[in-house]
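Participant: I'll drop the sequence and a predicted model, then ask my questions.
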Amino acid sequence: MRKLIFIAILFITNFSFAQNEGNIWYFGTNAGIDFNGAVPVALNDGQTAVIEGTASIADPSSGKVLFYTDGGNVWDSTHNIMPNGTGLMGTGTTTQAALIVRHPCSKRKYYIFTIEAETGSNGLRYSTVDMCLNSGKGDIVVKNFPLYSFPMAEKLTVAKHSNGIDVWVLAHEFGSNKFLAYPITCSGIGAPTVSNVGLPYSFDGDEYGQMKISPNGTIIGSTIYYTTSKVEIYDFDNSTGSISSTLVIYNIDNPWGLEFSPDNTKLYVSQYATLPSAIFQFDLTAGSDTAINNSKTLIYDLSPYAIRSFQLDPYKQKIYAASSSSNYLGVINSPNSLGISCNYINNGFQVAPGTSVWVGLPNTVLTFAPDSSVIDCDSISGINSFENYFNFKLYPNPTAHFSILEFTNPTRQNCTLTLYDLNGQLVKTINNITEEKVKIERHNLSNGFYFFQLLTDKQIIASGKLIIE
């Protein structure tokens, strides 16, 4: 494990975290930060009012906000609720409630992944935003589609694929040691790579805490809070999605927040709800597992205040830290430096008057250059704009009686169609579809909006909105 980490640190080229796409943060109670200028600027126009996890995304060219979410609601660039933007199945009391991922081959299509607090029954779900709709402010065209219908730990993060185009979305089941790594490709969301590795997240409180990927995309860190009270470090194969080789950090109580230094050599962990409530640094280049555990350095004693979440800034220069009911974020100004020379300032950034910090910060955002298949809003419009990308056709839509879904299935794979209402409840399933056409009958469905998904055992091949009137 130590050899693999050392090789990863020295020889793996860093994948870029968001440049412009991560330049706007919204979190806490109406708090925000604009990173577009020479120095970050506090914002007061955010609509969030949550204790923990949020996610936000900015335009890759201008750096202006596109939309943001607390896991339950989605606000557009004008800070109004996006169409269909309520009732997502994440919660603002989840450590990493939501994650926004841009479609690898379209700068106008985005996924919002959500998980529920405290191992709720809704599992891992996703919604899809089409920024070509609602006059360019976005519309949710797929909502609360289930990816994994088992209780989840409150951990949700993203990594770049080794090919530089595709993306991995990572989550962890509660009650086991099962990691799920979902590939996001130009074809959509694929079947997950499943890795059973490390300690099971099975006890009360194990679901809490952050999971992060190192900036070079090859190391995973995860805090296991409260009962188990440990930190695990894993090797991540970003070509296959497999996870292996665990290092366990034992000598820390109630770990919660976690972040890697920009050069991948240091690990920062927050100790929460135990005195001292503190920030510790671990040197991942120290050598053996024992040496890494022994490299623990107290960076700052936060007693009696409690710091929980960390987030690397969009330019990979500083790490920000959120503490309970505060008007300030802590800042690690030189996170690559060893020990207290990392220069942590507890009141390092003041949020705008009338806003406040709680214990969460926005989740990680990735950026990448879209390929030649990028879809521009100039070429598509209307509720079925996804048809042009996923190569399917749904007609008539809207409908009063039935619709026909035509799609490409040259190898006659066995497909399943599922239909969900706006609350994410499954209302219809059609199995064993092997042709390139399926009829969706209305039957007893009420008037309104529905979301459909057509999938094989490996990936989603069509998804979108059906209107019955």
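Facilitator: Okay, I see it.

Participant: buried sites along the host helix or strand of I460?
Facilitator: In this structure, I460 is located in strand 460-468 according to DSSP states H and E. Applying a neighbour-count criterion of 16 or more other Cβ atoms under 10 Å, one finds I460, I461, A462, S463, G464, K465, L466, I468 buried in strand 460-468. C-beta here means a position set from N, CA and C on the backbone, and glycine is covered the same way.

Participant: I'd assumed I189 was in contact with the first one.
Facilitator: Yes. In terms of Cβ atoms under 8 Å, I460 counts as a neighbour of I189; the distance is 5.1 Å.

Participant: quick one: residues contacting the most centrally placed residue in the chain.
Facilitator: Averaging the C-alpha coordinates of the chain gives a centre point, and the residue nearest to it by Cα atoms, centre = their mean is L99 (2.4 Å). Neighbour list for L99: A55, I112, F113, T114, L156, T157, V158, V169, N363, T364 [criterion: Cβ atoms under 8 Å, 6 or more residues apart in numbering].

Participant: helix, strand, or coil at it?
Facilitator: Secondary structure of L99, reduced to three states by DSSP: H, G, I helix; E, B strand; the rest coil: strand.

Participant: and the helix or strand harbouring I57, which residues are buried?
Facilitator: For I57, the enclosing helix or strand under DSSP H and E is strand 55-58. Burial within strand 55-58, assessed by neighbour count using 16+ other Cβ under 10 Å, is assigned to A55, S56, I57, A58.

Participant: so can I have JSON lines of those residues showing pLDDT and distance to Y328?
Facilitator: Formatted as JSON lines, those follow (pLDDT from 0 to 100; distance: Cβ to Cβ, whole Å):
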{"residue": "A55", "pLDDT": "97", "distance to Y328": "22"}
{"residue": "S56", "pLDDT": "97", "distance to Y328": "20"}
{"residue": "I57", "pLDDT": "96", "distance to Y328": "25"}
{"residue": "A58", "pLDDT": "95", "distance to Y328": "23"}
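
Participant: how far does the helix or strand hosting W256 sit from its chain's centre?
Facilitator: W256 is located in strand 255-260, with elements delineated by DSSP H and E. Chain-centre distance of strand 255-260: 16 Å, with Cα atoms, centre = their mean, to the nearest Å.

Participant: report all helices and strands that that strand contacts.
Facilitator: Contacts defined by 3 or more Cβ pairs under 8 Å, 6 or more residues apart in numbering; DSSP states H and E place strand 255-260 against strand 211-213, strand 219-224, strand 230-236, strand 266-271, strand 307-312, strand 319-323.

Participant: now with 10 Å?
Facilitator: Contact analysis of strand 255-260 by 3 or more Cβ pairs under 10 Å, 6 or more residues apart in numbering; DSSP states H and E lists strand 211-213, strand 219-224, strand 230-236, strand 266-271, strand 278-283, strand 307-312, strand 319-323 as its packing neighbours.

Participant: specify the stretch among the ones you listed that is closest to G138.
Facilitator: Each of these was checked against G138 via Cβ to Cβ, and the shortest separation belongs to strand 307-312, namely 23.5 Å.

Participant: show me what that closest one is packed against.
Facilitator: In terms of contacts (3+ Cβ pairs under 10 Å, 6+ apart), strand 307-312 is packed against strand 24-27, strand 211-213, strand 255-260, strand 266-271, strand 278-283, strand 319-323, strand 328-332.

Participant: quick one: these as a markdown table, columns for mean pLDDT and mean neighbour count too.
Facilitator: As requested, the helices and strands packed on strand 307-312 are arranged in a markdown table below (pLDDT from 0 to 100; neighbours: other Cβ atoms under 10 Å):
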| stretch | mean pLDDT | mean neighbour count |
| --- | --- | --- |
| strand 24-27 | 97 | 29 |
| strand 211-213 | 96 | 25 |
| strand 255-260 | 94 | 25 |
| strand 266-271 | 96 | 26 |
| strand 278-283 | 96 | 22 |
| strand 319-323 | 93 | 26 |
| strand 328-332 | 95 | 24 |
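
Participant: the chain: helices as residue ranges?
Facilitator: Read by DSSP state H, the chain holds these helices, from start to end of the chain: 2-11, 289-294, 385-390.
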